[in-house]
Each structure stands twice: as C-alpha cells, then as structure tokens.
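S.K.: coords please:
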Amino acid sequence: MSTSTSNINELYSDVVADLIAYYDNAVVLPNPQLIVNNYNLTGAVGNTMKIPRTNAWPAGNTSVSDNTDLINSGFDLDTDSVSLSVTKKSAGTTISEESLEDGGFDIVRNAVLTRLSGAIAKSTDVAGISIALSGSETALTDMNERNVSNDGFANTALTTADMAIVMSPEALGYSVKREPTVKMFNDIQNDNHDMVATVRNGFAQIGQHGSSAAFIRTVCTEGGIGGTSNSANLDLFAASVSNLRLLNAPTDLAGYYYALITPAQELALAKQLNGVGGISSGSIGSVAQDMANDALLRSMITQAIGLSWIRSNNLPIGIATA
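M.R.: Just a heads-up that it's a prediction; the model follows:
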C-alpha cells in the first residue's frame, strides 16, 4: 500500500481503528445475548467446526433398582453434532483525492466508516436471518422456503409476507474467523484510493438432536405498513413462546426468548401495546403504556409476553407466498 497525502494516511488509520466499533453498533445477530453459542476461530486451521448437541430434554430414571444400567435404561443424552462454516462478507468504496480536498476530512471519514461497516453488518445479519429461517445463507424470496414452523398466517391468507423470528438464545451458533478488517490500495492511474472491508463469519441452526430448527419459530403476517387484515398481533407471538416452552427451549438469564420483527409488525404490535388502533386481540392496554411510548425509538423495543422485541429491516419483507 502506498499513499501520497497525509490526509489519506490519516483516513486509513481512522478507518482501521474504528471499523470494528462501527460494525458492532450496526450488526444485530452476533450478540452473545441473542446467540450464546459464540465461537472464535481466529488463528485456527480450517473454516468449519462441529458443535455437539444432545437430544430433547429427557426425564431422569425413577425407581431405579440396584445394579441397573443407568444409561441404557432410558437416560441417554444421545449426542450428535452440527457443522458451522464461515463465509466472507465484503464491501468496498473508491475515494477520490478531490473528495478529500473538497468534501472535508471528517465528512468523508464518517461516510466511509458508515458505508463499509453498515454493508458488512447488513450482509452478516441477512446471512444469519436466512440461516435461522431456512438453514441456508441464501436470502428467502418466498415464505415457503423456510424450514421452521409458522405460528402466523398461512400462505393462502397472505398476499405478501413479512417474516418474524422467535427464538431461544441457544437456537443458533455463530463463529468468526476474521474480525472486520479494512485494506486500502492507491490507484495512481485514476488518482483514487480503493478501500475494502471484509469479515469472515457464519451461522448454523443448532436446536436439539434430530431437529436443527427446533428452537426457532416464525410468525408470517401480511406485508406492508398500515393494514389491519392478517397483521401482527400478540396472540401469534404468544403461540410461538408456548411452543418453545413446550420443548423446554432455554431462555436468557432473565427468562425471555427473542423476537425479531419488521417495521410493519412493530407498528401493529405498538398499536396493541398502546391499546389503540381498533385491535383487540391480545391487547394489554395501558398496562404497558410507558414501554409502548418507547417502542418506536430503539431497536430493542420492549419486553412483553415472555419476549424481548428487536426491530430489524433485514428480515424477509414483502416476499412471495406461493
């Protein structure tokens, strides 16, 4: 790497220093609260790891006689494993010498950091959300491409679909092989500076033995903001919570599962939390008024019906229902 101005050297140093911090602020899923199975493969050989898992939570043996085989008599964890592979996410931008001279150093610096960190953060979240809903990093284009159970509306009842995720913090595994990294090359011929940011990470459904998607549910509702027909309501998400509890799916330390919802679903649920909008199903009225007033201000919206709610624009929004 060679550079010809002190400004570009300073810009590169700032981007290198701040990229991870900006990335951490932009990304949602690689959060140890959301995904407790976090693994760092930096410096390790290979790009795939195996995560051990056990079967459904069994009852221990009862009324055990002397000299009884305590494993083969019914209590066997029956372990297997799931593979987690990392893939590279990247983003790049070209910075002209004139942009530094005319645009102002701080403006260019902030724009580069925001663009690079936001792009690889979005790529990471889209990949993780796709893994959570279908087991593949390929973004969903139809709600029927999922491999998780739907507690929302059937595809025949929807024109387009928004897909929410309700999950246990032990539903997914996350691994990072390369932390967010930036490199720069000086393009002398065009008087430009090329910057690229990369990260190598990956996700996998873990669940339990024999069912990788066991600890994840989806809630499919009508796409679009403002509609009331087949829109999100608390009853649908309460059903997801009940189904996870039925499996003894682990919660976080506070006893909550996590719900990732789209902006349209957030609006429908905010109306219920506020007790307005003419929606009665699952409404808890003014009890949650203070929480509801804060609902549109933060990504972590509120906590209700056993869920911590998180808004994300990276969920499948307005996709097909064929």
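S.K.: can you name the helix or strand that Ala239 falls in?
M.R.: Element membership for Ala239, per DSSP states H and E: helix 234-246.
S.K.: again, but for Leu267
M.R.: Taking DSSP H and E as the criterion, Leu267 maps to helix 263-274.
S.K.: quick one, that helix and helix 234-246 angle?
M.R.: 100 degrees (axes from the mean of the first three to the mean of the last three Cα atoms, to 10 degrees).
S.K.: buried sites along helix 263-274?
M.R.: Ala264, Gln265, Glu266, Leu267, Ala268, Leu269, Ala270, Lys271, Gln272, Leu273, Asn274 (16 or more other Cβ atoms under 10 Å). Every C-beta, even on glycine, is put in place using the N, C-alpha and C of the backbone.
S.K.: stretch 146-158 too?
M.R.: When burial is assessed from 16+ other Cβ under 10 Å, stretch 146-158 yields the following buried residues: Arg146, Val148, Asn150, Asp151, Gly152, Phe153, Leu158.
S.K.: pick the one among those residues closest to Val45.
M.R.: Closest approach to Val45 among the buried residues of stretch 146-158 (Cβ to Cβ): Val148, at 32.6 Å.
S.K.: before we move on, the earlier item: Serialize the buried residues of stretch 146-158 to JSON lines and add fields for secondary structure and pLDDT.
M.R.: Converted to JSON lines, the buried residues of stretch 146-158 look like this (DSSP: H, G, I helix; E, B strand; the rest coil; pLDDT from 0 to 100):
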{"residue": "Arg146", "secondary structure": "coil", "pLDDT": "96"}
{"residue": "Val148", "secondary structure": "coil", "pLDDT": "96"}
{"residue": "Asn150", "secondary structure": "strand", "pLDDT": "97"}
{"residue": "Asp151", "secondary structure": "coil", "pLDDT": "97"}
{"residue": "Gly152", "secondary structure": "coil", "pLDDT": "97"}
{"residue": "Phe153", "secondary structure": "coil", "pLDDT": "96"}
{"residue": "Leu158", "secondary structure": "coil", "pLDDT": "94"}
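S.K.: for the longest helix seen in the chain, packing partners?
M.R.: What stands out as the longest helix in the chain, according to DSSP state H, is helix 105-134. Packing contacts for helix 105-134, counted by 3 or more Cβ pairs under 8 Å, 6 or more residues apart in numbering; DSSP states H and E, involve helix 6-26, strand 87-96, strand 161-167, strand 172-187, strand 192-205, strand 216-222.
S.K.: can you lay out these as CSV showing mean pLDDT?
M.R.: As requested, the helices and strands packed on helix 105-134 are exported to CSV (pLDDT from 0 to 100):
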stretch, mean pLDDT
helix 6-26, 79
strand 87-96, 92
strand 161-167, 97
strand 172-187, 91
strand 192-205, 93
strand 216-222, 97
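S.K.: nearest to Ile317, out of those?
M.R.: Proximity to Ile317 (Cβ to Cβ) singles out strand 161-167 among those, at 5.3 Å.
S.K.: circling back to that earlier point, other residues contacting the helix holding Ala239?
M.R.: Contact with helix 234-246 is made by 149, 151-152, 164, 166-168, 215, 217, 219, 221, 257, 259, 269, 272, 281-284, 304-307, as judged by Cβ atoms under 8 Å, 6 or more residues apart in numbering.
S.K.: buried subset of the residues you listed, written for ChimeraX?
M.R.: Buried subset of those, written as a ChimeraX selection, criterion 16+ other Cβ under 10 Å:
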select :151,152,164,166,167,168,215,217,219,221,257,259,269,272,282,283,284,304,305,306,307
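S.K.: distance to Tyr39 for the helices and strands packed on helix 105-134 - can I get that in JSON lines?
M.R.: As requested, those are exported to JSON lines (distance: least, Cβ to Cβ, whole Å):
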{"stretch": "helix 6-26", "distance to Tyr39": "17"}
{"stretch": "strand 87-96", "distance to Tyr39": "15"}
{"stretch": "strand 161-167", "distance to Tyr39": "18"}
{"stretch": "strand 172-187", "distance to Tyr39": "4"}
{"stretch": "strand 192-205", "distance to Tyr39": "10"}
{"stretch": "strand 216-222", "distance to Tyr39": "19"}
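S.K.: number of residues surrounding Asp106?
M.R.: Asp106 has 9 neighbouring residues, counting by other Cβ atoms under 10 Å.
S.K.: one more: Gly104?
M.R.: By the criterion of other Cβ under 10 Å, Gly104 has 11 neighbours.
S.K.: again with the one 4 residues further on
M.R.: One way to gauge burial is a neighbour count; for Val108, by other Cβ under 10 Å, it gives 19.
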